[in-house]
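Enquirer: A structural model of the following input is requested.
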Amino acid sequence: MPRIVQQMKFQPAAPKPKRVAAYARVSSGKESMLHSLSAQVDYYSTYIRHHPGWEYAGVYADEAKTGTKDSRENFLRLIDDCKAGKIDHIITKSISRFARNTVTLLETVRKLKAIGVSVYFEEQNIDTLTADGELMLSILASYAQEESLSASDNQKWRVKRNFEDGKPWRGFMLGYRYDNGKYIIVPEEAEVVRSIFAGYLSGMGFTAIAKTLNSDRILTQQGYSWHTSAIGRILRNAAYTGNLLLQTKFRENHLTKRTLVNRGELPKYHAAETHEPIIDQNTFDAVQAELSRRAEKFAKPQTKNTYPFTGLITCGICGKHYRRKVTATGPVWICSTYNASGKSACASKAVPEDILASTAAEVGNMDEILAITVGANNILTFTLASGLQCVKRWQDRSRAESWTEEMRADAGQKTKERKKRNADR
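Expert: Now for the predicted structure:
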């Protein structure tokens with residue numbers, strides 16, 4: 001019997017829609033910039049939703065963050081969603097919006113490319129999945145990084161010229177308003193400054209002065225309650241005598257953006273009689289002498305220990321340094337704001353020292369690490385001497401790992417006592 005072969009026609013399956021997300025960023029928190037960010041979000045949302053064959057996967061936006069740093073919360077969330085298989089394609093305005101660090105940019109793009117996620121840069125018309133996309137991206141990213149360096153150098157030049165002319169970098173100071181290049185006294189704030197100096201000379205300490213101002217419901221110039229650090233800064237500020245000492249601090253470089261105390265690395269500038277004084281010179285000198293006297297009187301022996309991470313770790317939420325603290329479960333590194341004032345003041349997390357050490361070992365040698373920023377969502381950003389910034393996510397300890405042998409023994413004893421009490425009833 002002859003074999004019957006019948007040709008079958010199959011209907012091709014409809015292609016799956018491409019899941020597309022957008023990334024937007026502005027590097028300033030000013031109102032005009034935030035309006036621009038809102039406009040970008042609206043544009044990308046509409047553009048993706050109305051594009052044939054695309055499925056809207058969201059718009060990820062960061063504000064007031066710089067492209068030279070990878071501590072951008074929503075950028076990191078975007079990358080995590082790509083790794084989780086939620087996104088196929090990313091649209092962004094330009095290379096400089098994505099990052100201005102060439103190494104970090106290329107590493108990110110290559111990692112995304114390895115999992116099948118492409119990035120399209122609108123201004124440069126570059127798609128990273130095309131054959132020549134990465135070559136063009138490398139060239140243009142280098143240009144973007146040099147542009148960032150050039151902008152930083154121009155800013156430094158302008159600040160230096162202002163210092164040479166006796167003009168401060170910024171005019172923010174309790175007791176004054178900066179108007180047309182001059183400090184103008186604000187009478188009610190000036191009285192607060194005078195009361196701080198008078199209180200200190202009368203024998204009050206930083207804490208007592210801060211408590212008095214807070215109990216009188218007097219706020220700082222920014223509208224916050226007073227802390228001892230603010231009192232100390234005011235008492236040491238020579239600008240209240242009508243004179244200016246300029247460039248006492250400086251930025252390390254355009255990548256780390258760390259603010260350092262000027263200990264002779266750069267010239268300082270002294271400008272005399274630049275504005276009306278709030279505190280006379282004799283009173284200011286008397287306060288400085290009293291500060292020195294109390295410092296010597298209450299000075300403790302220098303037994304402070306230093307550790308490999310001392311001075312390296314900064315909180316990405318409040319900007320304060322992390323310090324080492326020994327807890328029942330072992331040493332941790334904790335934000336000084338959180339440690340002093342709790343979660344309401346800074347929602348950062350303490351990082352166990354062993355986890356910090358193991359994560360740093362994955363990045364490189366300690367000698368190569370210039371700075372570490374602890375961000376939200378367990379993100380650690382390492383800035384290396386080479387200029388590379390490496391982002392790592394650390395895992396919280398499980399409850400079992402957090403318990404010491406003493407804690408387990410104590411819990412076991414309490415359980416036995418509770419069972420005995422229940423049996424005796």
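Enquirer: isn't there a helix covering Thr314?
Expert: No - counting by DSSP: H, G, I helix; E, B strand; the rest coil, Thr314 falls outside a helix, being strand.
Enquirer: what's the burial count for it?
Expert: 22 (other C-beta atoms under 10 Å). Any C-beta I mention is one placed from the backbone N, CA and C, and that applies to glycine too.
Enquirer: repeat for Val20
Expert: There are 23 residues near Val20, going by other C-beta under 10 Å.
Enquirer: who's in contact with it?
Expert: Contact partners of Val20, counting by C-beta atoms under 8 Å, 6 or more residues apart in numbering, are Ile48, His51, Trp54, Glu55, Tyr56, Ala57, Ile87, Asp88, His89, Ile90, Ile91.
Enquirer: and it, that's in a strand?
Expert: Yes - membership of Val20 in a strand is supported by three-state DSSP.
Enquirer: For it, give me the pLDDT.
Expert: pLDDT for Val20: 96.
Enquirer: Now render the contacts of Val20 as CSV, adding pLDDT and distance to Asp81.
Expert: Below are those laid out as CSV (pLDDT from 0 to 100; distance: C-beta to C-beta, whole Å):
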residue, pLDDT, distance to Asp81
Ile48, 94, 15
His51, 92, 19
Trp54, 94, 16
Glu55, 94, 13
Tyr56, 95, 13
Ala57, 94, 8
Ile87, 95, 5
Asp88, 95, 11
His89, 95, 12
Ile90, 95, 10
Ile91, 95, 14
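Enquirer: could the residues you listed go into a markdown table alongside secondary structure?
Expert: Output for the contacts of Val20, formatted as a markdown table (three-state DSSP):
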| residue | secondary structure |
| --- | --- |
| Ile48 | helix |
| His51 | coil |
| Trp54 | strand |
| Glu55 | strand |
| Tyr56 | strand |
| Ala57 | strand |
| Ile87 | coil |
| Asp88 | coil |
| His89 | strand |
| Ile90 | strand |
| Ile91 | strand |
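Enquirer: How about the contacts made by the residue nearest the centre of the chain?
Expert: Closest residue to the average C-alpha location of the chain: Gly316 at 3.1 Å, with C-alpha atoms, centre = their mean. Residues near Gly316 by C-beta under 8 Å, 6+ apart: Ser71, Ser348, Thr373, Val374, Gly375, Ala376, Ile379, Thr381.
Enquirer: From Tyr44, how far out is Lys18?
Expert: From Lys18 over to Tyr44 the distance is 15 Å, taken as C-beta to C-beta, to the nearest Å.
Enquirer: and these two? which has more neighbours close in?
Expert: Tyr44 (24 against 15).
Enquirer: What are the boundaries of the helices in this protein?
Expert: Applying DSSP state H to the chain gives helices spanning 31-49, 73-83, 95-98, 102-114, 133-164, 187-201, 206-215, 228-236, 281-297, 336-341, 353-363, 399-402, 405-424.
Enquirer: which helices and strands sit right next to the fourth one?
Expert: Looking back up the chat, that one is helix 102-114. Applying 3 or more C-beta pairs under 8 Å, 6 or more residues apart in numbering; DSSP states H and E, we find helix 102-114 packed against helix 73-83, helix 95-98, strand 118-121, helix 133-164.
Enquirer: Return the helix or strand in the protein with minimum mean pLDDT.
Expert: Least confident helix or strand of the chain, by mean pLDDT, DSSP states H and E, is helix 399-402 with a mean of 53.
Enquirer: sorry, back to before: comparing the helices of the chain, which stretch has the densest surroundings?
Expert: Compared across the helices of the chain, helix 95-98 shows the largest average neighbour count, a mean of 23 (mean count of other C-beta atoms under 10 Å).
Enquirer: What is it packed up against?
Expert: strand 18-26, helix 102-114, strand 118-121, helix 133-164.
Enquirer: Just give me the neighbour total for the residue nearest to Ser118 when sequence neighbours are not counted.
Expert: In space, and not counting its chain neighbours, Ser118 is closest to Leu129: 4.0 Å by C-beta to C-beta, 6 or more residues apart in numbering. Neighbour count for Leu129, taken as other C-beta under 10 Å: 15.
Enquirer: List phi and psi for Leu129.
Expert: Dihedral angles of Leu129 (phi, psi; degrees, to the nearest 10) stand at phi -90, psi -10.
Enquirer: Looks like it contacts Lys113 (just checking).
Expert: Yes - using C-beta atoms under 8 Å, Leu129 makes contact with Lys113 at a distance of 6.7 Å.
Enquirer: Tell me the confidence at Ile372?
Expert: The score at Ile372 is 92. That number is its pLDDT.
Enquirer: Determine which two of the contacts of Gly316 are furthest apart.
Expert: The span of those, defined through C-beta to C-beta, is set by Ser348 and Thr381 at 13.6 Å.
Enquirer: Which pLDDT value goes with Ile296?
Expert: Quick fix: residue 296 is Glu, not Ile. pLDDT, Glu296: 85.
Enquirer: And for the one 5 residues further on?
Expert: The model reports Pro301 with a pLDDT of 60.
Enquirer: Is it possible to get a markdown table of the contacts of Val20 that adds distance to Arg217?
Expert: Putting the contacts of Val20 into a markdown table (distance: C-beta to C-beta, whole Å) gives the following:
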| residue | distance to Arg217 |
| --- | --- |
| Ile48 | 50 |
| His51 | 55 |
| Trp54 | 55 |
| Glu55 | 54 |
| Tyr56 | 49 |
| Ala57 | 49 |
| Ile87 | 50 |
| Asp88 | 56 |
| His89 | 54 |
| Ile90 | 49 |
| Ile91 | 50 |
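Enquirer: Using PyMOL, define a selection of the buried residues within those.
Expert: Command for PyMOL, covering only those of the contacts of Val20 found buried under the criterion 16 or more other C-beta atoms under 10 Å:
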select buried, resi 48+54+55+56+57+87+88+89+90+91
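Enquirer: ok, for Thr128, nearest residue in space, not its chain neighbours?
Expert: Once flanking residues are discounted, Thr128 sits nearest to Val119: 4.7 Å by C-beta to C-beta, 6+ apart.
Enquirer: For the one you found, the count of nearby residues, please.
Expert: Residues within reach of Val119, counting by other C-beta under 10 Å, total 23.
Enquirer: Settle this for me: it is touching Thr130, isn't it.
Expert: No - using C-beta under 8 Å, Val119 is not in contact with Thr130, being 11.1 Å away.
Enquirer: which residues of the stretch 51-200 of the chain score low on pLDDT?
Expert: Applying pLDDT under 70 to the stretch 51-200 of the chain flags residues 64-71, 99-103, 131, 134, 137-171.
Enquirer: Kindly check the end-to-end length of stretch 181-190 for me.
Expert: In stretch 181-190, first residue to last residue: 19 Å (C-alpha to C-alpha, to the nearest Å).
Enquirer: what's next to it, contact-wise?
Expert: With C-beta under 8 Å, 6+ apart as the test, stretch 181-190 has contacts from 167, 171, 173-178, 221, 239, 274-276, 278.
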